[in-house]
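In: task: produce atomic coordinates for the following.
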Amino acid sequence: MIGWGCPHYLPQRELRRADRFATSHLIYGGCHCAFPFQLPETHLLVTDRRQVIEGVDVSEPVSISTGIAARYATAVFDLAKDGKKLPALEKDIDALDAAIGTSADFKSLISSPLYTREQQGVAIAAIAKKMKLSPTVSNTLSLMASKRRLFVLPQLVSELRARLADEKGEVTADVLAAKALTKAQQDKLAKTLKASVGKDVKINMAVDESLIGGLVVKVGSKMIDTSIRSKLAALQNSMKEAG
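Out: Numbers count the residues shown, from 1 in each chain. The predicted structure follows:
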């Protein structure tokens, strides 16, 4: 009997909508790759900067990936909200976001066309168990692996984070810094941003040492770049124009 605990049973209408949307934009081919075995190049179809495996284009344009992720996010969020599991969902999203940001192996698993859906399914189930993710998120990841949709996981995390923030009357600020901000620094930044946007602000912190110093802050469609890298680039452009 299929029930809510089955990875293939989520709000099926929403998931079918997501897959119909995705399928209409995917390339179908006769390729079949298995990792880690070395296969002839003909088994991996790479054309027009697209990577296609098992009949699925896993390098979709960002707008299409976001559309797919939005439909999965709707299904997951509604299920968690109806089950009063939003706190658990938020914890899961934080864990997945951290894994995407810090683990090259995890990013490879969800995006590489060299893994079959079976390999992705086994691996993602083990990872979900290790991370102690909630049944809702664990089952969703298993479903996404079976549908070869794991490549939209970063967009799914962003979509769910936005829905969670909206539910709490918050906005999320994506902050990129040359080194991690302390808790006190993040709180101060959140307070400053709140005065500007008029809502509580949750800081989504990431580190990029190439910034050298300063911050890149994005809230909604607005972005502020005070990084030294940006200032050096502007100075370089000015020197070129002067020369």
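In: can you check which helix is longest in the chain?
Out: In the chain, with assignment by DSSP state H, the single longest helix is helix 62-82.
In: which elements pack onto it?
Out: helix 12-23, helix 86-102, helix 135-146, helix 153-167 (3 or more CB pairs under 8 Å, 6 or more residues apart in numbering; DSSP states H and E). (Glycine included, C-beta is placed from N, CA and C.)
In: in the last one, what counts as buried?
Out: By neighbour count on 16 or more other CB atoms under 10 Å, the buried set for helix 153-167 is 153-165.
In: ok now the longest helix of the chain, how far from the chain's centre?
Out: From the chain centre to the centre of helix 62-82 is a distance of 11 Å (CA atoms, centre = their mean, to the nearest Å).
In: per-domain residue ranges of this protein.
Out: Domain assignment for the chain, taken from automatic domain parsing, gives 12-164, 170-242.
In: the ones you listed: lowest mean pLDDT?
Out: Per-stretch mean pLDDT for the domains of the chain is lowest at domain 12-164 (a mean of 75).
In: what's the closest non-adjacent residue to the residue most central in space within the chain?
Out: Closest to where the C-alpha atoms of the chain average out (CA atoms, centre = their mean) is residue 154, at 0.7 Å. Residue nearest to residue 154 in three dimensions, not counting chain neighbours: residue 100, with 5.5 Å by CB to CB, 6 or more residues apart in numbering.
In: before we move on, the earlier item: figure out which of the helices and strands packed on helix 62-82 is closest to residue 184.
Out: Residue 184 lies closest to helix 86-102 among the helices and strands packed on helix 62-82, at 19.7 Å (CB to CB).
In: buried ones in that closest one?
Out: For helix 86-102, by 16+ other CB under 10 Å, it's 86, 88, 89, 90, 91, 92, 93, 95, 96, 97, 99, 100.
In: same for the helix or strand encompassing residue 203, what does it pack against?
Out: With elements taken from DSSP states H and E, the one containing residue 203 is strand 200-207. Applying 3+ CB pairs under 8 Å, 6+ apart, we find strand 200-207 packed against strand 170-177, helix 183-197.
In: please name every helix or strand in contact with the last one.
Out: In this structure, helix 183-197 packs against strand 170-177, strand 200-207, strand 215-219, with contacts taken as 3+ CB pairs under 8 Å, 6+ apart.
In: and those as a markdown table, adding distance to residue 136 and mean neighbour count?
Out: Below are the helices and strands packed on helix 183-197 laid out as a markdown table (distance: least, CB to CB, whole Å; neighbours: other CB atoms under 10 Å):
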| stretch | distance to residue 136 | mean neighbour count |
| --- | --- | --- |
| strand 170-177 | 21 | 20 |
| strand 200-207 | 21 | 17 |
| strand 215-219 | 28 | 17 |
